[in-house]
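Engineer: Let me see the structure of the following:
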Amino acid sequence: MYTILPFETEFYKKHRYEVQYVGNPTIDSVSSRSNKTQTFEEFCKLNNLSNKPIIALLAGSRKQEISSCLPKMVKAASSFIDYQVIIAGAPGIDTVFYNQFISDKTVSIVFNQTYNLLAQAQTAVVNSGTATLETAIIGTPQVVVYNVWGGKLAMFVKNLIINVKYISLVNLIAEKEIVKELIAHHFSVENIEKELALLLFDVDYRKEIGINYQEIAKKLGEPGTAKRAAEEIIKDLKVLK
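Structural biologist: You can find the predicted model right below:
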């Protein structure tokens, strides 16, 4: 078995699988992103944005999750009036769909530029998924959110049947909470605002997150995941032959 997450490797080893960690494709996609040298001024000019610092919102890629998460994300981020709020538009979702959740004209949307948006943002509110790992690799301080229908009851049931402490890939890989997770009844405008205030204004808090991000990057390894996987497969097939 060839795995792409460190905790998968350890899990299957415990169950006596023959496992080889080959790296993570997110490292490859982030490292190969275009416009790495783009400045904040260039990014803002390209997208007709103001010169205010940015809070990025990554609400997911499906309409249902965007609908359930984005309203709270927008309301919380918009309370920081000295910042501009930018939504990372998902592929296949048009501007019209997003507009129903935006009453404030200071909120903007950019498409096909998620990595560059994160690189220029001071902080991000991210719906749990691969985007949390991408945000960490780029180095943007974040708060992770996830809407769960049923609130406290759903969390109670989850804790009974699912034996994991965290839901974000960032914390799962780190094996500790390095970014705040606001899930179910904890996912509120007030809680997002509190965490954003820490992420934006607490220098030591931001620094600690950055140090932990570097440790995650070390665990994930270098780019070249697909090549390593192919080489291992060929090597194993030759042994079998």
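
Engineer: Ranking helices and strands of this protein by mean pLDDT, which lands last?
Structural biologist: With mean pLDDT, DSSP states H and E as the measure, the helix or strand of the chain carrying the lowest mean pLDDT is helix 151-161 (a mean of 47).

Engineer: next structured bit after that helix?
Structural biologist: If you walk from helix 151-161 toward the C-terminus, the next helix or strand you reach (DSSP states H and E) is helix 169-174.

Engineer: name the helices or strands packed onto that next one?
Structural biologist: With contacts taken as 3 or more CB pairs under 8 Å, 6 or more residues apart in numbering; DSSP states H and E, helix 169-174 sits against helix 6-14, helix 130-138, strand 142-146, helix 203-220. C-betas here are computed from N, CA, C, even on glycine.

Engineer: Mind listing residues that contact the shortest one?
Structural biologist: Read it as strand 142-146. Residues from elsewhere that reach strand 142-146 (CB atoms under 8 Å, 6 or more residues apart in numbering): 69, 72-73, 123-128, 132, 135-136, 167-168, 170-171, 179-184, 187, 192, 195-196, 199.

Engineer: Excluding covalently adjacent residues, which one is nearest to Gly129?
Structural biologist: Spatial nearest neighbour of Gly129, chain neighbours left out: Gly60 (6.5 Å); criterion: CB to CB, 6 or more residues apart in numbering.

Engineer: what does the host helix or strand of Leu70 contact?
Structural biologist: When secondary structure is defined by DSSP H and E, Leu70 falls within helix 63-78. Identification of contacts with helix 63-78 by CB under 8 Å, 6+ apart yields 55, 57, 59-60, 83, 85, 87, 90, 93, 97-98, 101-102, 104, 106-107, 125, 127, 145-147, 187-190, 192-193, 196.

Engineer: Please list only the buried members of those residues.
Structural biologist: Neighbour counting by 16 or more other CB atoms under 10 Å classes 55, 57, 59-60, 83, 85, 87, 90, 93, 98, 101-102, 107, 125, 127, 145-147, 187, 189, 192, 196 among the contacts of helix 63-78 as buried.

Engineer: These in helices, which ones?
Structural biologist: Assignment to helices by DSSP state H places the following of these there: Tyr98, Val189, Ile192, Leu196.

Engineer: can you put the residues you listed in CSV and add distance to Thr26 and pLDDT?
Structural biologist: Shown next, in CSV, are those (distance: CB to CB, whole Å; pLDDT from 0 to 100):
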residue, distance to Thr26, pLDDT
Tyr98, 25, 94
Val189, 29, 97
Ile192, 24, 98
Leu196, 24, 98
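
Engineer: Excluding sequence neighbours, find me the nearest residue to the residue nearest the centre of the chain.
Structural biologist: Geometric centre of the chain, nearest residue: Thr132, 1.6 Å, by CA atoms, centre = their mean. Spatial nearest neighbour of Thr132, excluding adjacent residues (CB to CB, 6+ apart): Ser168 at 4.5 Å.

Engineer: show me what contacts that neighbour?
Structural biologist: Neighbour list for Ser168: Ser128, Thr132, Val144, Val179, Glu181 [criterion: CB under 8 Å, 6+ apart].

Engineer: same check, this time on Asn147
Structural biologist: Neighbour list for Asn147: Glu65, Ser68, Cys69, Ala184, Phe187 [criterion: CB under 8 Å, 6+ apart].

Engineer: And whichever strand or helix holds Ala230, what does it pack against?
Structural biologist: Assigned by DSSP H and E, Ala230 belongs to helix 225-240. Packed against helix 225-240, as judged by 3+ CB pairs under 8 Å, 6+ apart, are the following elements: strand 2-3, helix 25-31.

Engineer: which residues are contacting that helix?
Structural biologist: In contact with helix 225-240 (CB under 8 Å, 6+ apart) are residues Tyr2, Ile4, Gln20, Val22, Gly23, Asn24, Pro25, Ile27, Asp28.
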